[in-house]
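**Q** Sequence and predicted structure are below.
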Amino acid sequence: MKALSGNPNLFTGADRPLSIPQRLLLLLPFLQWLPGITRQSLQRDLMAGLTGAVVVLPQGVAFATIAGMPPQYGLYTAMITPIIAALFGSSRHLVSGPTTAISIVVFSSISQYATPSTPEFVQLVLTMTFLAGIYQLAFGVARLGVLVNFVSHTVVVAFTAAAAILIATSQIKHVLGLELARGHSFADTWLGVFQHYDQSNGYVLFIALATLAVALFSRRLSRKMPHLLLGLIVGSLTAFFLGADAHGVALVGSIPAQLPPLTSPLFNMDAIRMLAPQAFAVALLGLIEAVSIARSVATRSNQRIDGNQEFIGQGLSNIVGSFFSSYAGSGSFTRSGINYDSGAQTPMSAIFAAVILMAIVLLIAPLTAYLPVAAMGGVILLVAYNLVDFHHIRAIFNTSRPESAIFLVTFFSTLFLELEFAIYIGVLLSLVIFLAKTSKPKITLLAPDLTQKNRSFTDIETKPLQECGQLKVVRVDRSIYFGSVSYLQLKLQMISATYGVKHILLIASRINYIDMAGAELLAQEARRLKANGGGLYVYGLKDELWQFLAEGGYLKMIGAQYFFDNKTDAISAIYRKLDHQTCRQCSKPIFIECQRQQAVTS
């Protein structure tokens, strides 16, 4: 039998105090990769940073437009957020900044309190960004990085697909040149488009289509080409030659040629109470994006990602960014992928991209005065289309009904309800379905396979085998916890009643977790079977679960003599408690002990 080993953390070092260098690395994680920088890595990071700066230039303006912010705020976010996230995150290739999903949530959350692009709107967005950063930092400090593992990938796919449709919906009036009020719902916006379609501006539509066509064509030629930037340039030239002013083509206007100015979120309780729920949704979505993207890139770079450190990096980037005119950001899949493909070696590439973007803005910001809103709308339509993951959507509907239900609920909730509520309901539904699955652990009846040398226990449904009339061998797959105890108890009692057995051998090798309710269940079933003259026997229990039962007193309740480390000892002990009169009448003994006894008797 096993002996108590004390607290298992003592052997893993989980409770040992950290040394000063270890604490310093936790506080300043960039000290881990800074010493490894070489001249060669700096050159590669610089080239990757240059590519990233060119890519994020049109994206930053587009994403700010989606968020209802003045265009320059998207660029400010792309300057500040990636620097802080690179210094304090764990990924060497993740590039943070403005993203489409976060931008649409920001617009949806704040537009109900203020008019987009106004100083009041900007102030509330910065406040929400600060609060989201506080949430993220708190999650990281509390070591809750595993939380993102409980958010179904289906929820993210559905939310992103619906957000893409909302983004396209918000831009359709700019592409058609229609005058529609901002902030209308999804259904109202499309109703307005159909009602006023005859008022569309053909010149505006032509500019948007020209922008979209050039962006698509250049992207098809090479993935490394700055296709969005090329599209915007062609759209601007098209508007210039057509005579934008003469045909009612609206222009974005010039962006201030300056670095991010200092700002301050609102620090009054009314604003905090008002924005706290929306900030939590932004924080959750931002963490899901950042960690999932970091892990996706890490599978290609063979790097280990620390989810808790990513939480801290994203939280600090939003907190600091809120004081430098930056709205909520997260990891960007597009820019992170380009960063890796461009040969980035360290997080210095993200820092270089931000610094180069600052230089570009100081030099060419006035040129945005010639940028048509229609061209920006065309670019955003392409961005929205790229958000839809058609491959995974097909896989979801082809493989799983529960996942399909999660997708549909999240998708339509995003379209027709508040965005933050859609995130919550998708996550909640994922957890409900997960709990429903785990509440019914798989219970398999086993029997020894006499054709194998070691007589291993085999599923009787996959291979017809002779079973003992007095003993049932049962294997439980998954955890025994409060959600599954009722189902498991019913199944064990049904096995006893159906087969008329008083002895049950529980194969516990696939049980990874037992809580107090599960331990109580085992004790109850052991008492029930003992009262009937039998017993509940456990074989293959993991060390940490055995220790949990011992420390909780459940081992004593059940009886230590009912737990076994190997199959031979378990069968030998159980055989001694069987009715030997019944054994002598058995025509097909399946255990070695039975065969020996019959040999002695005969």
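**A** It's in. What you see is a predicted model, and the numbers here were worked out from it, not measured in a lab. Residues are numbered from 1 along each chain as shown.

**Q** Any stretches of the stretch 51-200 of the chain with poor pLDDT?
**A** Within the stretch 51-200 of the chain, the ranges that satisfy pLDDT under 70 run 149-150, 181-184.

**Q** just the helices in it please.
**A** Ranges of helices in the stretch 51-200 of the chain, per DSSP state H, counting those that start in this stretch, are 71-88, 100-110, 119-141, 153-176, 186-195.

**Q** and those as a markdown table, adding distance to residue 439 and mean neighbour count?
**A** Bear in mind the C-beta positions are built from the backbone N, C-alpha and C, glycine included. Formatted as a markdown table, the helices of the stretch 51-200 of the chain follow (distance: least, C-beta to C-beta, whole Å; neighbours: other C-beta atoms under 10 Å):
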| stretch | distance to residue 439 | mean neighbour count |
| --- | --- | --- |
| helix 71-88 | 39 | 27 |
| helix 100-110 | 32 | 26 |
| helix 119-141 | 27 | 22 |
| helix 153-176 | 20 | 22 |
| helix 186-195 | 36 | 14 |
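
**Q** Nearest to residue 399, out of those?
**A** Using C-beta to C-beta as the measure, helix 153-176 is the one of these that comes nearest residue 399, at 10.6 Å.

**Q** In CSV, list the C-alpha atoms belonging to the closest one.
**A** Listed next in CSV are the C-alpha coordinates belonging to helix 153-176 (Å, rounded to 0.1, in the frame of the first residue of the first chain):
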residue,chain,number,x,y,z
HIS,A,153,-12.7,28.3,-29.6
THR,A,154,-16.1,28.1,-31.2
VAL,A,155,-17.2,31.2,-29.2
VAL,A,156,-14.2,33.1,-30.5
VAL,A,157,-14.9,32.0,-34.1
ALA,A,158,-18.6,32.9,-33.9
PHE,A,159,-18.0,36.2,-32.2
THR,A,160,-15.4,37.2,-34.7
ALA,A,161,-17.5,36.2,-37.7
ALA,A,162,-20.5,38.2,-36.4
ALA,A,163,-18.2,41.1,-35.6
ALA,A,164,-17.0,41.0,-39.2
ILE,A,165,-20.6,41.4,-40.4
LEU,A,166,-21.1,44.3,-37.9
ILE,A,167,-17.9,46.0,-39.2
ALA,A,168,-19.1,45.6,-42.8
THR,A,169,-22.5,46.9,-41.8
SER,A,170,-20.9,50.0,-40.2
GLN,A,171,-19.0,50.8,-43.4
ILE,A,172,-21.6,50.1,-46.0
LYS,A,173,-22.9,53.7,-45.9
HIS,A,174,-19.4,55.0,-46.5
VAL,A,175,-19.0,52.6,-49.5
LEU,A,176,-22.3,53.7,-51.0
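
**Q** Spit out the contact partners of the closest residue to residue 52 other than its chain neighbours.
**A** Nearest non-adjacent residue to residue 52, counting by C-beta to C-beta, 6 or more residues apart in numbering: residue 353, 3.5 Å away. Going by C-beta atoms under 8 Å, 6 or more residues apart in numbering, residue 353 touches 48, 49, 50, 51, 52, 53, 56, 78, 82, 95, 335, 339.

**Q** And residue 353, which helix or strand is it part of?
**A** Element membership of residue 353 [criterion: DSSP states H and E] is helix 348-364.

**Q** could you give the mean pLDDT of that helix?
**A** Averaging the model's pLDDT scores along helix 348-364 yields 93.
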